[in-house]
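J.: quick one: sequence plus predicted model below, questions after.
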Amino acid sequence: MTDTFTRSGITWRRAWIGDNGGRYEWTSDDGRLNVWREGREYSATLDGYASTKTWPTLTAAMAATHGARDKLDRRGT
């Protein structure tokens, strides 16, 4: 199953990942951001690098990774 939705100008695609027992993973339209649930919290990656922080909600994880991407892009790194 795959579906998409847009939040804060980013289109996210939700897909079922069948590894390690399976999970849903949300990926940004540019492929740079990934968010998934681990237990009761959400984890994320930006450009393939895992965050050291977790979030209590999906939308909080998405907003934080979006903000981190924008900050990184503004620095030109």
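T.: Noted; the coordinates are in hand.
J.: all helices of the protein, in order?
T.: Secondary structure of the chain (DSSP state H): helices at 58-75.
J.: what is the least confident helix or strand in it?
T.: strand 2-7 (a mean of 82; mean pLDDT, DSSP states H and E).
J.: for the protein, which strand is longest?
T.: The strand that spans the most residues within the chain, counting by DSSP state E, is strand 10-17.
J.: residues in contact with that strand?
T.: Residues lying outside strand 10-17 but in contact with it, judged by CB atoms under 8 Å, 6 or more residues apart in numbering, are 1-6, 22-29, 33, 35-36, 62, 66. (C-beta placed from N, C-alpha, C; glycine too.)
J.: what pLDDT does the model give Met1?
T.: Predicted confidence (pLDDT) for Met1: 49.
J.: on that earlier part again, for the longest strand of the chain, which strands pair with it and how are they oriented?
T.: Applying DSSP bridges, strand 10-17 is found paired with strand 2-7 (antiparallel), strand 23-28 (antiparallel).
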